[in-house]
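Student: Give me coordinates for this.
(chains A and B)
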Protein chains: 2
Amino acid sequence: MTNSKYTIGVDFGTESGRAVLVDVATGEEVASAVHPYGDGVIDEHLPGSDKPLPPDFALQNPQDYIAVLRETVPVVLREGRVSADDVIGIGTDFTACTMLPVTASGTPLCQLPEWRMNPYAWVKIWKHHAAQPEANRLNEIARQRGEAWLDLYGRKISSEWFFPKIWETLNKAPEVYEASGRYLEAADWIVLQLTGEEKRNACTAGYKAIWNKERGYPSDDFFAALSPRLRHVVDEKLSRQVYPLGQRAGGLTPAMAELMGLRAGIAVPVGNVDAHVAVPASTVVEPGRLVAIMGTSTCIMLLGEKERLVEGICGVVEDGIVPGFFGYEAGQSCVGDHFAWFVENCVPPEYHEEAQRRGLNPHQWLEQQAAQQQPGEHGLIALDWWNGNRSVLVDVDLTGLLLGATLATKPEDIYRALIEATAYGARVIIEAFDHNGVPVNEIVTCGGLPGRNKLLMQIYADVTGREIKVAGTDQAGAFGSAMFAAVAAGKSMGGYASIFDAARSMARLQDVVYKPRRAHKAVYDQLFAEYLTLHNTFGRGANDVMKRLKALRQRMLVRV
Amino acid sequence: MTNSKYTIGVDFGTESGRAVLVDVATGEEVASAVHPYGDGVIDEHLPGSDKPLPPDFALQNPQDYIAVLRETVPVVLREGRVSADDVIGIGTDFTACTMLPVTASGTPLCQLPEWRMNPYAWVKIWKHHAAQPEANRLNEIARQRGEAWLDLYGRKISSEWFFPKIWETLNKAPEVYEASGRYLEAADWIVLQLTGEEKRNACTAGYKAIWNKERGYPSDDFFAALSPRLRHVVDEKLSRQVYPLGQRAGGLTPAMAELMGLRAGIAVPVGNVDAHVAVPASTVVEPGRLVAIMGTSTCIMLLGEKERLVEGICGVVEDGIVPGFFGYEAGQSCVGDHFAWFVENCVPPEYHEEAQRRGLNPHQWLEQQAAQQQPGEHGLIALDWWNGNRSVLVDVDLTGLLLGATLATKPEDIYRALIEATAYGARVIIEAFDHNGVPVNEIVTCGGLPGRNKLLMQIYADVTGREIKVAGTDQAGAFGSAMFAAVAAGKSMGGYASIFDAARSMARLQDVVYKPRRAHKAVYDQLFAEYLTLHNTFGRGANDVMKRLKALRQRMLVRV
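Tutor: Now for the predicted structure:
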């Protein structure tokens, strides 16, 4: 009799890390554990200092990542009653672009006493936004030079990405830039810790560092146009060696095996990104089936046969999600956050009280009320830009709009209108793909929202005219990493030959399917036409009032 | 030693009537009393019936008006310790158009047993909106015929006015139309009760019944174009005799004197309208000083030297406010209602709790928070159309808009933006007057809002660039009626020769003056330009999305 084999996936999030132990043959999630980062998101002052950080800073302590491994892996083994002998691999995924300067041997600069008090020596996480000036300048120069790769990133490199963040350090703390041996994505740094191997992964390289499988990184001339000192940034601080997803990066080092209670030498795949591993975790390893990872914001992933230019996407990367396909990423920057903002700021006491009386949270009570309405009944339409627009307009200076309110408008009316607005936003993205030769036939959702709000799911089906399914796992990041660990272990070790095989055996969908209702779709088609008109009026330059108000707000706040 | 002389003003409102006893020489308000209407606003079923009324009905029982006189006048005499011998007149003002069918002798049809159960026999009050089809048809026919008077009413006769309401009865209950001896404004009916004289006043005739001092009523041909049976409506159901404001209608009848404890024969002026008597009560009897009566909605009154066409006003009537001037009326349909809606529907529990802890109501707490901001700091702009737009667009199908919201937007931000939106709306009206030769140099406010919200007053000053003053009386309707009673009594009886003299001696302003602040005005000029662009986009046909959403809402509600 053969013992079952297991892999562990570890998902490094914004506030904590989560491990899940999965049965490789069945995909059963045997145990999971979460550990919060001791220093959390560092945005006020460095640990051990009371000096305020500059605005828009968001840092992390890499030691916290090691603590997650140390604290969670033994727990899942114990709670799952699984022997380390039966664990054949451990995979990881990370937020991105989350990056750090390290010495030549991979030690984070921030762990050296001489750099400890320099904020630029720490991990800049994805939502560190202080590199906006560098991003703006980079985009300007790329446009002037007619850089072809710009089109693959919706014509805009984000301030959240790799090169703006490096350049910011060069500008603000050149001594840190000079002292660093290399710059690594945290996704690759954790793999370096686990295996002793620096194996940069294709996903973060492609989506965050402008790397292309065919054409590599932007030219040295381009970097020199940013700054002469950046001419050789790739060769000096990165590496031109980039590895495909699912590949074995190396075997687990004895020290790390000891730390976690695992066997040394088990398979560790190259690093990956939370949203991207969620795609196979949601059963999707083929074109036509869009994956929406829905939480505070929505990340949208889609596979295509060809490299197409699609307006306002975050990026398209060959092999960037699963091998053999072009991985498209797009997103909506305000989804769960939208409803949370509304409930926190705009819902009167009676609704909170009535929800409590019924044993519901305010979201559930609003959902129940809103679910009784027909489409169009509330008379409202909203633009879902409370946190800017990621796709397809790629404009952080856009803001929210609500139109159609009367003295009869109720909180549940606005709540429903905000849900619908995010659904229209999703439809804009879907149509951008569809009209540019990257078809979308079905939507698979994962993340926190789908299980919490059935009305939202049905509205998305009605608005987009597509069937919507829900991933079986509610921790798609960690689960996907466990799948890639099974691929890195390989068939001979009890794993899988490919992510396709792993998806077929391990991933599954819930039984529920939200089907578009024809009569609702017809009304929503009218409303979507109204949304599009407003979208284009305020998002494409006909009336830039949102940007002017935002600029005025900045000026007035400075004056105060 | 001469005793002081007094007059009584009685203001008939929507839910109740209010009497005030005023010292004629000094304008001191000696006593006041309120009496609610026993039947209130009748909009569900007639008293003594459970048969539902048709939609959009709003009726009153004329017996309730008599009860107000009976209940309030003795109270003010008693509480003011004033002898009936020293009361030289009693004046009245009413909501308008509030109208009723009466017999040839002035008895309301609804008081006759045979008509008691017919809703069309009762008083239709100003907000009875069931005559909208008749109003639409009337406007269409007037436009086709090129009726010149249409321009004097913002090119739109409201469904609230006299002829649509009469025509509605002819269409829906011709037997009531035939049975009526005459149709009267309640403002004139109450004077008929007090004096036995039918003296139709120039104010309601001018503003609500399309009467003009030079040209009289619309032609019989026009009425015949509505319906052959309306050809002689003026001669059959109204009267071509119309009396100027302040004129003595007659002496108080012995029966009414007995009912109220007053002396028979004292002066009763012709009837008037609540908003219009508020103008001299606010010290305004000359051009250039706009009066804003600010409550749930805002009524705007202005005197001009000439008859000018001003876009979207409610009406211009020669001698319609004070003799010798053209009285212009405009309005905003959603002001206090706007803030009440917001506080009721959009303010979270913590704000209510914090207000309570501080001994404030939620409005006051929001006002305190919002007052700490600079103009433009919240980044928002709103269109104040939660209840449509009365002036200058005259369109009930427009709805509210809020633009600029982000995840950082707080309730006090929206509260301030809504206040500013109503200020921009007021500025649109002021500029329409100013650009059409009816100058506005100063604003005098009265009504409930000015005393309650200093921030609002200051914002209005900053947005409009005009000084804003506040009437001394907080019951401008009843006080103005007491002034007109003093004019009707005349100088020989201890009153005044004219409303100008009465205003000089009786009316006063509060000491507070809100002055525009130059730096704030400059920012608000930018924001007003943004408001105007949105106002014109959504209000003048470039994007009729508001009307389409409202129509869709109607269709969906019918389907439910």
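Student: A:A33 belongs to a strand?
Tutor: Yes. Looking at A:A33 with DSSP: H, G, I helix; E, B strand; the rest coil, it is inside a strand.
Student: Just give the number of residues close to it.
Tutor: By the criterion of other C-beta atoms under 10 Å in any protein chain shown, A:A33 has 22 neighbours. For glycine as for every other residue, the C-beta is placed from the backbone atoms N, C-alpha and C.
Student: Kindly state the beta-bridge partners for it.
Tutor: For A:A33, the beta-bridge partners are A:A19 (DSSP bridges).
Student: and the gap between it and chain B?
Tutor: 31 Å (C-beta to the nearest C-beta, to the nearest Å).
Student: Name the nearest residue to whichever residue of the stretch 201-350 of chain A sits closest to chain B, sequence neighbours excluded.
Tutor: Proximity to chain B, evaluated over the stretch 201-350 of chain A using C-beta to the nearest C-beta, is greatest for A:P349 at 4.3 Å. In this structure, A:P349 finds its nearest non-sequential neighbour in B:P349, 4.3 Å apart by C-beta to C-beta, 6 or more residues apart in numbering or on different chains.
Student: Going along the chain, name the helices of the stretch 201-350 of chain A.
Tutor: Listed in chain order, the helices of the stretch 201-350 of chain A (DSSP state H, counting those that start in this stretch) span A:202-208, A:220-226, A:233-237, A:254-260, A:274-281, A:336-346, A:349-357.
Student: ranges for the helices of the stretch 51-200 of chain A?
Tutor: In the stretch 51-200 of chain A, helices defined by DSSP H, counting those that start in this stretch lie at A:63-80, A:132-144, A:162-172, A:174-179, A:186-195, listed in chain order.
Student: okay, those helices, which one's buried deepest?
Tutor: helix A:186-195 (a mean of 25; mean count of other C-beta atoms under 10 Å in any protein chain shown).
Student: I'd like to know which elements that helix is packed against.
Tutor: Under the contact definition 3 or more C-beta pairs under 8 Å, 6 or more residues apart in numbering or on different chains; DSSP states H and E, helix A:186-195 sits against strand A:6-12, helix A:63-80, strand A:87-94, strand A:99-102, helix A:202-208, strand A:248-251, strand A:267-269.
Student: Would you reformat these as TSV and include distance to chain B?
Tutor: Shown next, in TSV, are the helices and strands packed on helix A:186-195 (distance: least, C-beta to the nearest C-beta, whole Å):
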stretch	distance to chain B
strand A:6-12	24
helix A:63-80	26
strand A:87-94	25
strand A:99-102	25
helix A:202-208	24
strand A:248-251	38
strand A:267-269	36
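Student: want to throw these into JSON lines with mean pLDDT?
Tutor: Below are the helices and strands packed on helix A:186-195 laid out as JSON lines (pLDDT from 0 to 100):
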{"stretch": "strand A:6-12", "mean pLDDT": "98"}
{"stretch": "helix A:63-80", "mean pLDDT": "98"}
{"stretch": "strand A:87-94", "mean pLDDT": "98"}
{"stretch": "strand A:99-102", "mean pLDDT": "98"}
{"stretch": "helix A:202-208", "mean pLDDT": "97"}
{"stretch": "strand A:248-251", "mean pLDDT": "98"}
{"stretch": "strand A:267-269", "mean pLDDT": "98"}
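Student: ok, back up a step: need the contact list for the residue nearest to A:P349.
Tutor: A:P348, A:P349, A:H352 (C-beta atoms under 8 Å, 6 or more residues apart in numbering or on different chains).
Student: now do A:Q364
Tutor: Taking C-beta under 8 Å, 6+ apart as the definition, contacts of A:Q364 comprise A:A355.
Student: Which of the residues in the host helix or strand of it are classified as buried?
Tutor: A:Q364 is part of helix A:362-371, with elements assigned from DSSP states H and E. The neighbour-count check on helix A:362-371 (16 or more other C-beta atoms under 10 Å in any protein chain shown) flags A:P362, A:H363, A:W365, A:L366, A:E367, A:Q369, A:A370 as buried.
Student: okay, the angle between that helix and helix B:349-357?
Tutor: Interaxial angle, helix A:362-371 versus helix B:349-357 (axes from the mean of the first three to the mean of the last three C-alpha atoms, to 10 degrees): 110 degrees.
Student: quick check, distance from helix A:362-371 to the centre of its chain.
Tutor: On the basis of C-alpha atoms, centre = their mean, to the nearest Å, helix A:362-371 sits 28 Å off its chain's mean C-alpha point.
Student: Check stretch A:268-284 too.
Tutor: For stretch A:268-284, the distance to the chain centre is 11 Å (C-alpha atoms, centre = their mean).
Student: could you dump it to CSV, C-alpha only?
Tutor: Provided in CSV are the C-alpha atoms of stretch A:268-284 (Å, rounded to 0.1, in the frame of the first residue of the first chain):
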residue,chain,number,x,y,z
VAL,A,268,10.8,23.8,-4.6
PRO,A,269,9.4,25.4,-7.8
VAL,A,270,10.4,28.8,-9.0
GLY,A,271,8.5,31.7,-7.4
ASN,A,272,5.1,32.9,-8.5
VAL,A,273,2.5,35.6,-7.9
ASP,A,274,-0.6,35.2,-5.8
ALA,A,275,-3.1,36.2,-8.6
HIS,A,276,-1.3,34.1,-11.2
VAL,A,277,-1.2,30.8,-9.3
ALA,A,278,-4.9,31.3,-8.6
VAL,A,279,-5.6,30.6,-12.3
PRO,A,280,-4.8,26.9,-12.4
ALA,A,281,-6.1,26.6,-8.8
SER,A,282,-9.5,27.7,-10.3
THR,A,283,-9.2,24.9,-12.9
VAL,A,284,-8.3,27.3,-15.7
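Student: So for chain A, the centremost residue is which one?
Tutor: In chain A, the centroid-proximal residue (C-alpha atoms, centre = their mean) is A:A275; its distance is 4.6 Å.
Student: so where is chain A shaky, pLDDT-wise?
Tutor: In the predicted model, chain A carries pLDDT under 70 at residues A:1-2, A:559-560.
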